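# Give me a 3D structure for the following:
(chains A, B, C and D)
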Number of protein chains: 4
Amino acid sequence: MRINGVEIEDTFAEAFPIKISRVLITAVTEHWALEAAREATGFGTSIIGCPSESGIEFIADGDETPDGRPGVYIQICNMGYKTLESSLLYRIGQCVLTAPTAAAFNGLTEAEHQFDTGKKLSFFGDGYQKLVDDYFGRTIWKIPIISGDFIIEQAMGAVDGIAGGNFYILGQNQMAALMAAEAAVDAIRRHKGTITPFPGGVVASGSKVGSKYKGLKASTNTAFCSSLRDDGVCMLADDVSAIYEIVINGISRQAIEESMRAGITAACKIPGILQISAANFEGRLGPHQFELQKILA
Amino acid sequence: MRINGVEIEDTFAEAFPIKISRVLITAVTEHWALEAAREATGFGTSIIGCPSESGIEFIADGDETPDGRPGVYIQICNMGYKTLESSLLYRIGQCVLTAPTAAAFNGLTEAEHQFDTGKKLSFFGDGYQKLVDDYFGRTIWKIPIISGDFIIEQAMGAVDGIAGGNFYILGQNQMAALMAAEAAVDAIRRHKGTITPFPGGVVASGSKVGSKYKGLKASTNTAFCSSLRDDGVCMLADDVSAIYEIVINGISRQAIEESMRAGITAACKIPGILQISAANFEGRLGPHQFELQKILA
Amino acid sequence: MRINGVEIEDTFAEAFPIKISRVLITAVTEHWALEAAREATGFGTSIIGCPSESGIEFIADGDETPDGRPGVYIQICNMGYKTLESSLLYRIGQCVLTAPTAAAFNGLTEAEHQFDTGKKLSFFGDGYQKLVDDYFGRTIWKIPIISGDFIIEQAMGAVDGIAGGNFYILGQNQMAALMAAEAAVDAIRRHKGTITPFPGGVVASGSKVGSKYKGLKASTNTAFCSSLRDDGVCMLADDVSAIYEIVINGISRQAIEESMRAGITAACKIPGILQISAANFEGRLGPHQFELQKILA
Amino acid sequence: MRINGVEIEDTFAEAFPIKISRVLITAVTEHWALEAAREATGFGTSIIGCPSESGIEFIADGDETPDGRPGVYIQICNMGYKTLESSLLYRIGQCVLTAPTAAAFNGLTEAEHQFDTGKKLSFFGDGYQKLVDDYFGRTIWKIPIISGDFIIEQAMGAVDGIAGGNFYILGQNQMAALMAAEAAVDAIRRHKGTITPFPGGVVASGSKVGSKYKGLKASTNTAFCSSLRDDGVCMLADDVSAIYEIVINGISRQAIEESMRAGITAACKIPGILQISAANFEGRLGPHQFELQKILA
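Numbers count the residues shown, from 1 in each chain, chains lettered A, B, ... in the order given. Modelled structure (predicted):
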């Protein structure tokens, strides 16, 4: 299969179940909503070494937010609901409550799982916090802070989502692969339901499950490292010299498929891209499989 | 004391000792160096609830970096050297090793304390990592990754620094205080040696040590909350309606003093700013004191 | 009439007819589409002294562009169709043809007026330009350039639009007014059909028609200058100390009304905003009137 | 000659004399100084079709500006002092006077040529403008505007400079060439004295002097167009598939040389770059020659 001349390998992305919360951060301007969102989702690339996986989902305008201010939807992901609740408390409490003019709303009001994050954080008000039953249709806590009042919705929802949806962009050189990765992330960011949690949405160092060193859960994906050609472990075609990976988490299988489709299609428009592949590990990472050619059919 | 008509209160900022590492991240362009730096320093506002305090110190051009590429200095701060070493491993390993075209250099080569972070992270190379004795004058590890090679300096230095340097910007309204805070952060970011770890460099919800609720270490600084006037706990003058705080960490007392001076001076230029104050807690936070009027004399 | 406590004055914005072209610039990433758009619309605030009025209308994702790449819609405005055609030639020829990876498509394919801008610019190809009848459904010229091929649609449409839709944001201080202006521009930028051509979308120096100096067409709007209180010409209430103006051009009366509504509503959410007004000049500027209270009813 | 393996062709850049003014724009924050600077320097790539060539030179912090606020130095360039004066009046009058919180200072106080731009623009004050002899050491006009007062220095200096310093970046593919161009611009922007006036600092469509069509002054540089290989006019090596050009204007020969050196060195670090060349036209463009190998020696 080829898109715009770029070969789509007959392979699949392997992914695993994760719990996802979705928070809508609003602020006085888009600039300040983004500042809050970036702080709240930083240090959130992979649960291998980060307290959670997290990222910006999409930017919402005032017509789509309860308080009519610009907003940014973020996702926070953990392996279980308990650690997820803890992540929500710390990331919102430390990075949104502290962010100028920011408010935090529930991004998954329909979800079965609802944490009382707003209530727990309201104790920061030292007794002066107030419950408001109907703030633009939401039940919120108003917490007095030195810059005004912090508004946070009482409940924050969470769902069973999927982490590790992915594809590899194989380039003639590093810069072609990188620009294609950026174009892919641009395309994905316009779709709802997914995040690309790595720096700038891109993974420079795709890994394989396991390592020759005991105790390490992951190591460099040697078969895809062009600088290991002479070592005999690189399985890449001769003309490939660099690869970037896009990792996608999402609240549903369908959301991930749509983002993979949008991202791969965008990457295939870039001159110097030779092939699209994906990472899988014989089921050692997880049960979800996303077949590239099926998604793009 | 008045600067540009703005009263500088006769008070001091109370701060506490912290351990600080400083990492120089370089990349192909300033854009990508910043993406890596932002991911690596996110979720890093306060050690009360973040795995570390962290932030961007300043942007360095190619003349100031070992490999001649654009760079960003970041600081990572923890209460002890042991937790700091762990923070370095995870933040660099998850957020810089994974960032497109990024490299990580030691930002404190002269410090007595040196971690072997580069060596530890090199095991990601699964046996194919290589030590290079003289890479632009530094001892580095070259780790093969799917996008090329990741370069990381063998050693990362750390020093005894100070956290919690601060000042309060009291405004006629919220927006005046916020713009003054942004102007202050702009001024501080041009100075070396310090970071402002909160979202966009600004704290919206300055806290006091302790709480009426058992187990909470901090709570809203009620005396500075204008919305608590009717409750009788607000100690602000009548014309003050909003406050933003700037919190500064730094590798030395002098660096923090210079940044406080630059930041306060910038804030005092903004129309609608009424007073500059600072947060202190009778020594319950820490032993360092920064007297505003002395710093500005 | 009050919105969120802010008084909406019973007055109207006076506007005038203008000719508007709309160009869709696509590029490899949103970043590069924006770079091209910013260069192409710069030096384009007011036809009093700029070669045209121009600005960014909105950002389009790949689902909305002919070539599936990220895009930015811009508007270019002149008093007559002849000067507008000239503006198109120069702004596209100098700022889009020269911009990395940029392509230029017709943003008003249905308009009665169609210029052959693409054809005229194709002569840059020095004989090697080629007409392609169906490029994603458009008739385009492919012009060989040193970085690849430049794609430009043969025809560029234009319509009779309106310039000078406006409102004034009266603030307790300068920073409140400025943040409200930024919030208003954020809201307007999400609406299609209009631009806010001034720097960052905001006018710092609203003018009146005429001057005491012969030959000057416009001068500072003295009645709204708080620093002229002692001179007896300032007509502002005592508590107003600064004003920013939002000027809106649009392809239809309806588009301008929607953007005014969105912008004013956003501005009224900002603490420190006292009143919304508008600029009118007894018909000396133009025949179009936008009554604030009607628009917001 | 080779740098980092990239061949530096034994050729030279041909450039021509131009008149340059330099204006320092300060504002409340770096963000707003940049907004003003971008508007004031837009539609300013080449004097072939733009009212002037213009661009951002560098960002200055508060320690380097008269009023202690963040600032941006811009350059405006025209063929003669008369057209340059007109450009200054219109670009500052329409794009800086109108920009929120902006002030305009003389960036070439030592130059022999001094225009009275500030005085001319002061008439916007409609009689209420005031001359202030010593405003942070400068003679300025204070013009009342609706957002406060606009400050502009009485005199604006200008010098005999050079336009058209340039180099070509030849890449294995378009994206490698583009990222190298961006890296070059990053490096150049850190140097004082020069601007790169094209979109994002980069030229996608390098031209040659003259055209087969009468009346056109410039046309695509066919010898460097890889898509014209089959037409027999492309003189590129087989492995080159795309080129971007960096054009540099500067206030002195030395400033241009330093920026060329910094830019070329940065570009040569990028994987996929094959050669650096430059554009020259047998003296038909101008008398200045910049030999690549000499500059880099």
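# Pull up the gap between the spatially most central residue of chain A and residue A:245, please.
Computing the C-alpha centroid of chain A and ranking residues by Cα atoms, centre = their mean puts residue A:195 first, at 2.8 Å. According to Cβ to Cβ, to the nearest Å, residue A:195 and residue A:245 sit 15 Å apart. Using the backbone N, CA and C atoms, a C-beta is placed for each residue, glycine as well.
# since we're on residue A:112, how many residues are nearby?
Look at residue A:112: counted by other Cβ atoms under 10 Å in any protein chain shown, it has 9 neighbours.
# Sorry, slip of the keys, the one I care about is residue A:284.
There are 11 residues near residue A:284, going by other Cβ under 10 Å.
# Distance check, the spatially closest residue to it that is not a sequence neighbour against chain B.
Once flanking residues are discounted, residue A:284 sits nearest to residue A:209: 4.6 Å by Cβ to Cβ, 6 or more residues apart in numbering or on different chains. Separation of residue A:209 from chain B (Cβ to the nearest Cβ, to the nearest Å) stands at 12 Å.
# can you tell me which residues contact residue A:209?
A:217, A:218, A:281, A:284, A:285 (Cβ atoms under 8 Å, 6 or more residues apart in numbering or on different chains).
# With residue A:264 instead?
A:3, A:8, A:167, A:184, A:276, A:292, A:295, A:296.
# Could you check the pLDDT of the second one?
According to the per-residue confidence, residue A:8 scores 98 in pLDDT.
# pretty sure it contacts residue A:273?
No - with contact defined as Cβ atoms under 8 Å, residue A:8 and residue A:273 do not form a contacting pair (11.0 Å).
# So between those two, which is more surrounded?
residue A:273 (27 against 20).
# If we ignore the residues flanking it in sequence, what's nearest the closest residue to chain C within the stretch 151-297 of chain A?
In the stretch 151-297 of chain A, the residue that lies nearest chain C is residue A:190 (3.9 Å; Cβ to the nearest Cβ). Excluding the flanking residues, the one nearest residue A:190 by Cβ to Cβ, 6+ apart is residue C:61, at 3.9 Å.
# circling back: run through the bridge partners of the residue nearest to the centre of chain A.
Here residue A:195 sits in beta bridges with residue A:249, as judged by DSSP bridges.
# tell me the contacts of it?
Applying Cβ under 8 Å, 6+ apart, the residues contacting residue A:195 are A:41, A:53, A:54, A:55, A:56, A:57, A:74, A:75, A:77, A:248, A:249, A:250.
# Next one: it, what pLDDT does it get?
pLDDT recorded at residue A:195 is 98.
# what's the spacing between it and residue D:8?
From residue A:195 to residue D:8 the distance is 44 Å (Cβ to Cβ).
# Among the contacts of residue A:264, which one sits closest to chain D?
residue A:184 (12.9 Å).
# how many neighbours does the closest residue to chain B within chain A have?
Residue of chain A nearest chain B, by Cβ to the nearest Cβ: residue A:42 (0.8 Å). Counted with other Cβ under 10 Å, the neighbours of residue A:42 add up to 28.
# What's the end-to-end length of stretch A:227-243?
End-to-end distance for stretch A:227-243: 11 Å, by Cα to Cα, to the nearest Å.
# My error: substitute stretch A:116-130 in the last question.
Terminal-residue distance, stretch A:116-130 (Cα to Cα): 15 Å.
# ok, now stretch A:286-297?
Using Cα to Cα, the end-to-end distance of stretch A:286-297 comes to 24 Å.
# same thing with stretch A:18-35?
26 Å.
# Can you point out the buried residues in that stretch?
For stretch A:18-35, the buried set under the neighbour-count rule, 16 or more other Cβ atoms under 10 Å in any protein chain shown, comprises A:18-35.
# What of stretch A:12-19?
Burial within stretch A:12-19, assessed by neighbour count using 16+ other Cβ under 10 Å, is assigned to A:12, A:13, A:14, A:15, A:18, A:19.
# and the host helix or strand of the second one, is it in reach of chain C?
For residue A:13, the element it lies in under DSSP states H and E is strand A:12-26. No - judged by Cβ under 8 Å from any Cβ of the partner chain, strand A:12-26 stays clear of chain C, getting no closer than 10.4 Å.
# burial count for the residue of the stretch 151-297 of chain A closest to chain C?
Residue A:190, neighbours per other Cβ under 10 Å, totals 18.
# Can you verify my assumption that it contacts residue A:56?
No - contact criterion Cβ under 8 Å: residue A:190 and residue A:56 do not qualify, at 11.9 Å.
# which neighbours do these two share?
With Cβ under 8 Å, 6+ apart, residue A:190 and residue A:56 have no common neighbours.
# The strand holding residue A:13 pairs with which strands?
strand A:71-78 (antiparallel), strand A:103-106 (antiparallel), strand A:156-171 (antiparallel), strand A:288-291 (antiparallel).
# chain center to that strand: distance?
6 Å (Cα atoms, centre = their mean, to the nearest Å).
# Repeat that for stretch A:258-268.
Worked out by Cα atoms, centre = their mean, stretch A:258-268 lies 16 Å from the chain centre.
# That one: which residues count as buried?
Buried, per 16+ other Cβ under 10 Å, within stretch A:258-268: A:258, A:259, A:260, A:261, A:262, A:263, A:264, A:265, A:266, A:267, A:268.
# Apart from its chain neighbours, what residue comes closest to the fifth one?
Using Cβ to Cβ, 6+ apart and skipping residues adjacent in sequence, the residue nearest residue A:262 is residue A:187, 4.2 Å away.
# pLDDT score assigned to the one you found?
On pLDDT, residue A:187 comes in at 96.
# Residue A:206 contacts residue A:279, correct?
Yes - counting by Cβ under 8 Å, residue A:279 is a contact partner of residue A:206 at 6.0 Å.
# Can you work out which residues contact both of those two?
Common neighbours of residue A:206 and residue A:279 (Cβ under 8 Å, 6+ apart) are A:166, A:168, A:221, A:245.
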